[in-house]
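Chemist: Generate coordinates for the sequence data below:
(3 chains)
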Amino acid sequence: MTGAEIQYDAEGGLHHFLTIEGLSRETLLQILDVAETFIDVGHREIKKVPLLRGKTVVNLFFEASTRTRTTFEIAAKRLSADVINLNPLRLSTSKGETVLDTVNNLEAMHTDLFVVRDSYSGAAYLVAQHVPPHVSIINAGDGRHEHPTQAMLDVFTIRQHRPDFDNLKVAIVGDILHSRVARSQIHALKILGAEEIRLIAPKTLLPTEVERLGVTVFNDMKSGLRDVDVVIMLRLQLERMQGSLIASEQEYFNLYGLTQEKLAQARPDVLVMHPGPINRGLEIASEVADGPNSLILSQVTNGIAVRMSVMALLLGGQSMRKEH
Amino acid sequence: MTGAEIQYDAEGGLHHFLTIEGLSRETLLQILDVAETFIDVGHREIKKVPLLRGKTVVNLFFEASTRTRTTFEIAAKRLSADVINLNPLRLSTSKGETVLDTVNNLEAMHTDLFVVRDSYSGAAYLVAQHVPPHVSIINAGDGRHEHPTQAMLDVFTIRQHRPDFDNLKVAIVGDILHSRVARSQIHALKILGAEEIRLIAPKTLLPTEVERLGVTVFNDMKSGLRDVDVVIMLRLQLERMQGSLIASEQEYFNLYGLTQEKLAQARPDVLVMHPGPINRGLEIASEVADGPNSLILSQVTNGIAVRMSVMALLLGGQSMRKEH
Amino acid sequence: MTGAEIQYDAEGGLHHFLTIEGLSRETLLQILDVAETFIDVGHREIKKVPLLRGKTVVNLFFEASTRTRTTFEIAAKRLSADVINLNPLRLSTSKGETVLDTVNNLEAMHTDLFVVRDSYSGAAYLVAQHVPPHVSIINAGDGRHEHPTQAMLDVFTIRQHRPDFDNLKVAIVGDILHSRVARSQIHALKILGAEEIRLIAPKTLLPTEVERLGVTVFNDMKSGLRDVDVVIMLRLQLERMQGSLIASEQEYFNLYGLTQEKLAQARPDVLVMHPGPINRGLEIASEVADGPNSLILSQVTNGIAVRMSVMALLLGGQSMRKEH
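Modeler: Next up is the predicted model:
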């Protein structure tokens, strides 16, 4: 299951945004280019464009995430859409309705876009298969599968500083095994032509046969970070870990936590990124998170523009697509 | 207590919407006619009309219902109103304020419309008695009493397919005893002149002396469904049942669950309806719920238009009422 | 720590609204004057002005308060701002992010105004110290420190009936010890030049050396209320009391509850106020709360206008400040 085949409509326009895997380089560049036009909106006196006026966006978060939900809510409101926030766990649990009945009902209310987050890999794809043609779906994270808007804001942030992906060496560090973010990042970087993608993690936090994705695997930071242009730290998903995948938090930080000392292996102008929320002193030292190479807050800013871009491309109609 | 007398203002316009009982046929037709003008809004590129711009609608749900609350929220936003969602249970419990103090406070903020849901029969009426003349109340379900917007969307859906109520045979099936929906439906169908209203339920799920409402009572589906034009299934309110009113879920489904086989007793073009959320395999088989006679999702769609209609008539002022 | 010094920007305009202490008489009068222009908005057919269109206001309530949050939400929406409601306790607890990281992230989304409420005295000041120049903070209550918008709506309400503060005698009654409201009221009344501020409370509910604030202290209602123009009852913060600060609720009401009988000591046209929510029969008798001298609901109405005023002055730009 990749979902790629149902992401495009008959005219080749983006209709759902479920996975990075299977999307064309052209589509990714289009999302980035449109996002750039929205960066400006965030700096205006009136941070609003009328593009999605009269559209209804439903945040359907089966897995709670105030932070990600807020970015989609702000993005939709800056496009002038109406936003409905639902935590359908409560609805379905207390009244026994199935998820697809919930979706069918919401769609019968002529809503236009569902932003779906779920702990089940494939949830957004499942919903996308069942909605009628006028409804679009954005995957806001599904289990260990993908988190495509996060990956797009990451490559957007990289491109602001390194416009050319061709000679780019990127290291992704940490809990690859549980990370839908890493999976989406790897696909995005491959499609955009990054020279080398390195994964740095203890063996217990790497999927089996991960090399198949076309990445180089390192088990230590010293060699893994050497001469990289970008280092992306992953959040240690303590809440998703079963069993003792790491020996102790202190040992993890000693081996894989990003410190100024370890960072010295990378290029001097290395870009430091993290999808947030950060665990200070666990996967990243505060001196690095708040240091001159850190783009962590730029990622948050760019996340609004990138989510506006995806929403606009899905719902903005032919005019939006023609323009770009 | 019916509440009918305070639903009209001095000019005979609808001021509160608390019960179907006591409303005139003319009022019901007006709500349906205005709703028809809003059906179109749901299909537009920009699903919004400026009718209630600058009005504040408060969803005051003392009894939780994400689903119903969402329909009112979407309806209000499509009319361009500002919406405040409150779950005042928390407010009143944690700080000891009475419900009427809560209402007085909200009304002092110059809010215009309260959508009230409560497990207490008569709650919306109680609130309506205490608000000043510029505030309107919609009953979104009060205990076992009424749920008038649900009944209006049901008769709206029927009218889309059977414009003439005169020769209409309607069966309402299931837990009549606990159903505010059934009570409102019976009143609406009587006022609109339906030929025959049948209630089909086990004796334990029927109110005493229910025949007084002018209905025919059946205890079995076979005879009850014979030649009906419309069958309305009620939700089995398992959460409201005290004691063993039904023998078992399986036996209930065998006797009163709507299957394709039982439905064969009705007219071939019978309309199948359900207020939702449905309990699949308990009061209705999936083959019927998702089958060609089912209007369950049309009801949801129409629910937005009907709620917009009621809100517009209550708040839209003289112009709204004159027009129709 | 007063916070006063960071409340003004380089041009002397109000930039944050954290404390009444340290503000100039001119600033307080400006807030009241601008609020008066917004009183009218609440009576219009379309209760909305476009002043903050395209601005994003974040309600950041670390301490739950549906009531206060609702007033800020309504005020912001009437100014046409977009509003995001967050209960960041959940966010920070479940994912381990610090409060300042939460704030940094929200601010990276180009939000414009944070309304902060916290049980920690100084929380809003702490946040204000860390946000960049384009972000403003309103203190919606911080521990036992201040609740400045509440005090402003109180003096606004007084001024509607007693335009001249010079000869004003005001009694503040009840739990002074735990009351951030009282602290803000005392500062506001002093700055506006009230003739006499009396505090009436049992010794256990008074801070030590409270006379330093320039108030007169009374331990009984009879002498304390004599000839006052205004009596402000405080809410008995039962949930914040540790140990047995009051003997019993009944005894407290006998000694300090405001009854019609005790009120007879005051001027016949005395104004009775309470920040709400009221504990009927504990700090105030219903006959007084609902009586002819009570301005409790006017305070709620004025709260919207005063909060609109503060938001407009913080975000409305030079034009807003010049005008007034």
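
Chemist: Could you use CA atoms for every contact and neighbour count after this?
Modeler: Will do.

Chemist: show me what contacts A:Val181?
Modeler: Taking C-alpha atoms under 8 Å, 6 or more residues apart in numbering or on different chains, we find A:Val181 in contact with A:146-148, A:150-151, A:234, A:275.

Chemist: With secondary structure and pLDDT as added columns, please give those residues in JSON lines.
Modeler: Output for the contacts of A:Val181, formatted as JSON lines (DSSP: H, G, I helix; E, B strand; the rest coil; pLDDT from 0 to 100):
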{"residue": "A:Glu146", "secondary structure": "strand", "pLDDT": "95"}
{"residue": "A:His147", "secondary structure": "coil", "pLDDT": "97"}
{"residue": "A:Pro148", "secondary structure": "helix", "pLDDT": "98"}
{"residue": "A:Gln150", "secondary structure": "helix", "pLDDT": "98"}
{"residue": "A:Ala151", "secondary structure": "helix", "pLDDT": "98"}
{"residue": "A:Leu234", "secondary structure": "coil", "pLDDT": "96"}
{"residue": "A:Pro275", "secondary structure": "coil", "pLDDT": "95"}
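
Chemist: which of those sit farthest apart?
Modeler: Maximum pairwise distance among the contacts of A:Val181 (C-alpha to C-alpha): 14.9 Å, between A:Pro148 and A:Leu234.

Chemist: These two: which has the busier surroundings?
Modeler: Ranked by neighbour count (other C-alpha atoms under 10 Å in any protein chain shown), A:Pro148 and A:Leu234 place A:Pro148 first, with 27 against 24.

Chemist: who in chain A is up against chain C?
Modeler: For chain A, the contact set with chain C under C-alpha under 8 Å from any C-alpha of the partner chain comprises A:42-43, A:45-48, A:65-67, A:70-71, A:74, A:77-78, A:277-279, A:297-298, A:300-301, A:304.

Chemist: buried residues in stretch A:213-230?
Modeler: Residues A:217-219, A:221-222, A:224-230 are the ones in stretch A:213-230 that count as buried (16 or more other C-alpha atoms under 10 Å in any protein chain shown).

Chemist: Helices of chain A, residue ranges please.
Modeler: Using DSSP state H, the helices of chain A run over A:25-39, A:66-78, A:88-95, A:99-108, A:123-130, A:148-161, A:180-191, A:221-224, A:249-256, A:260-263, A:286-289, A:296-315, A:317-323.

Chemist: Need the winner for burial among these.
Modeler: helix A:296-315 (a mean of 25; mean count of other C-alpha atoms under 10 Å in any protein chain shown).

Chemist: Counting by contacts, list what that helix packs against.
Modeler: Helix A:296-315 makes packing contacts with helix A:25-39, helix A:66-78, helix A:148-161, strand A:271-273, helix A:317-323, helix C:99-108 when contacts are defined by 3 or more C-alpha pairs under 8 Å, 6 or more residues apart in numbering or on different chains; DSSP states H and E.

Chemist: shaky segments in the stretch 201-324 of chain A?
Modeler: Residues of the stretch 201-324 of chain A meeting the criterion pLDDT under 70: A:239-244, A:317-324.

Chemist: what's the spacing between the residue in the stretch 201-324 of chain A positioned nearest to chain C and A:His274?
Modeler: At 4.9 Å from chain C, A:Thr301 is the closest residue in the stretch 201-324 of chain A, using C-alpha to the nearest C-alpha. Counting by C-alpha to C-alpha, to the nearest Å, the separation of A:Thr301 from A:His274 is 13 Å.

Chemist: Tell me which residue in the stretch 51-200 of chain A sits closest to chain C.
Modeler: Closest point on the stretch 51-200 of chain A to chain C, by C-alpha to the nearest C-alpha, is A:Thr66, at 6.2 Å.

Chemist: Domain parsing of chain A, as residue ranges.
Modeler: Domain assignment for chain A, taken from automatic domain parsing, gives A:4-146+A:301-323, A:148-296.

Chemist: Just the CA trace of stretch A:258-271, in PDB.
Modeler: Output of stretch A:258-271 as PDB, limited to C-alpha atoms (Å, rounded to 0.1, in the frame of the first residue of the first chain):
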ATOM      1  CA  LEU A 258      23.600  16.100  19.400                       C
ATOM      2  CA  THR A 259      26.100  18.200  21.200                       C
ATOM      3  CA  GLN A 260      28.400  21.000  20.000                       C
ATOM      4  CA  GLU A 261      31.300  18.600  20.200                       C
ATOM      5  CA  LYS A 262      29.700  15.900  18.000                       C
ATOM      6  CA  LEU A 263      28.500  18.600  15.600                       C
ATOM      7  CA  ALA A 264      32.100  19.700  15.000                       C
ATOM      8  CA  GLN A 265      32.400  16.700  12.700                       C
ATOM      9  CA  ALA A 266      29.900  18.300  10.300                       C
ATOM     10  CA  ARG A 267      30.500  21.200   7.900                       C
ATOM     11  CA  PRO A 268      30.900  24.500   9.800                       C
ATOM     12  CA  ASP A 269      27.700  25.800   8.200                       C
ATOM     13  CA  VAL A 270      25.700  22.600   8.900                       C
ATOM     14  CA  LEU A 271      21.900  23.100   9.200                       C
END
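
Chemist: what comes up buried for it?
Modeler: For stretch A:258-271, using 16+ other C-alpha under 10 Å, the buried residues are A:258-259, A:262-263, A:265-266, A:270-271.
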